[in-house]
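Undergrad: show me how the following folds:
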Amino acid sequence: MELGKPVADPLYQETPLPRFSEAMQSCPKADIPNLKDLLKEENFYLITEAYASRGYVAVAIDSRYHGERASSKTTYRDALVSSWKKGDTMPFLFDTAWDLIKLADHLTQREDIDPMRIGITGESLGGMHAWFAASADTRYAVAAPIIGVQGFRWAIDHDKWQARVDSIKAVFEEARIDLGKNEIDKEVVEKVWDRIAPGLASKFDSPYTIPIIAPRPLLILNGEKDPRCPIGGLEISHIKSVQGLRGGLLSR
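TA: So this is what the prediction gives:
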């Protein structure tokens, strides 16, 4: 374990660049001097500092191909494309989920940590990582993924996959070309998920991996109109989770 240090030379990885958002533009705005500078500083303020100030042992890791694990502004994008081409890595979700399982190995061996009270959270891609880590490892006693949980199969079946695809579009464009398509369609989307994250739209999708977190506490925080994580895609997960809890109570 190493103590964190201030970010000296940040790398911004974004594929593609952020676009105009009507929803963000419509948010109320206070007249605050130097707001942009304040926001830049806030972006470097790890949420772990807030936890630590309340007495928690707080740990943050760099996702694979991000932070100090990135060597260029295209490291993550290049890893995704390579995964599609070669099929030998799973950079979108499962590689970092594995790292979080290894993190749990470390945390449960520390004398200053109660192994029964380890929680996990994350935002966006980090929210997805928190979701899958909690699904795979019961040592995470509570999980709170933020704007990351969605139904991948539901999105394909209901033609709601575009926003998620746009967030990592380079790999889908590469797949479109390789598959001889004129545009990205649901067939391309499904083939990419099957290649870079096998099972993501089937046996590892939210209707299967969210219910198995129960009866551990789980808080999913999503925006009601977030196109990347459409609420409709979580209805099946919610129903199955409730049914599973009721079944567990009845069997006791």
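
Undergrad: in terms of helices and strands, where is residue 119?
TA: strand 118-123 (DSSP states H and E).

Undergrad: got it, and residue 107?
TA: Element membership for residue 107, per DSSP H and E: helix 94-108.

Undergrad: just residue 246 next, same as before
TA: In this structure, residue 246 sits in helix 235-251 according to DSSP H and E.

Undergrad: next one: residue 131
TA: helix 125-136.

Undergrad: could you figure out how far that helix is turned away from strand 118-123?
TA: Direction vectors for helix 125-136 and strand 118-123, defined by axes from the mean of the first three to the mean of the last three CA atoms, to 10 degrees, enclose an angle of 150 degrees.

Undergrad: just the mean pLDDT for the helix or strand that helix 125-136 is followed by, thanks.
TA: With elements assigned by DSSP H and E, the helix or strand that comes after helix 125-136 is strand 140-146. Model confidence over strand 140-146 averages 98 on the pLDDT scale.

Undergrad: strand 140-146 packs against which elements?
TA: Counting by 3 or more CB pairs under 8 Å, 6 or more residues apart in numbering; DSSP states H and E, the packing neighbours recorded for strand 140-146 are strand 118-123, helix 125-136. Any C-beta I mention is one placed from the backbone N, CA and C, and that applies to glycine too.

Undergrad: between the ones you listed, which one is nearest to residue 203?
TA: Closest to residue 203 of the helices and strands packed on strand 140-146 is helix 125-136 (CB to CB; 11.4 Å).

Undergrad: number of nearby residues for residue 219?
TA: For residue 219, the number of neighbouring residues by other CB atoms under 10 Å comes to 10.

Undergrad: hmm, residue 149 and it touching each other?
TA: No - the pair residue 219 / residue 149 is not scored as a contact, 10.3 Å apart, by CB atoms under 8 Å.

Undergrad: show me where the protein dips below the pLDDT cut-off.
TA: Applying pLDDT under 70 to the chain picks out residues 1-12, 14-21, 23-24, 27-28, 38-45, 245, 247-252.

Undergrad: hmm, back to that, which one of the helices and strands packed on strand 140-146 is the most hemmed in?
TA: Comparing the helices and strands packed on strand 140-146 by mean neighbour count (mean count of other CB atoms under 10 Å), helix 125-136 ranks first with a mean of 24.

Undergrad: now the helices for this structure?
TA: In order along the chain, the chain carries the following helices (DSSP state H): 22-25, 35-43, 47-52, 75-86, 94-108, 125-136, 152-157, 162-167, 169-178, 186-196, 206-209, 235-251.

Undergrad: quick one: which of those helices is nearest residue 13?
TA: Between the helices of the chain, helix 75-86 lies closest to residue 13; by CB to CB that is 5.1 Å.

Undergrad: which strands and helices lie in contact with that closest one?
TA: The elements that helix 75-86 packs onto, with contact taken as 3+ CB pairs under 8 Å, 6+ apart, are helix 169-178, helix 186-196.

Undergrad: please name every helix or strand in contact with the last one.
TA: Meaning helix 186-196. helix 75-86, helix 152-157, helix 169-178.

Undergrad: residues making contact with the last one?
TA: It stands for helix 169-178. With contacts defined as CB atoms under 8 Å, 6 or more residues apart in numbering, helix 169-178 is touched by 15-16, 77, 80-81, 83-85, 165, 182-184, 188-189, 191-192, 195-196.

Undergrad: hang on, the earlier thing: can you redo the helices and strands packed on helix 75-86 as a markdown table with mean neighbour count?
TA: As requested, these are arranged in a markdown table below (neighbours: other CB atoms under 10 Å):
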| stretch | mean neighbour count |
| --- | --- |
| helix 169-178 | 18 |
| helix 186-196 | 19 |
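
Undergrad: out of the ones you listed, nearest to residue 138?
TA: Each of the helices and strands packed on helix 75-86 was scored for nearness to residue 138 using CB to CB, and the closest is helix 186-196 (25.7 Å).
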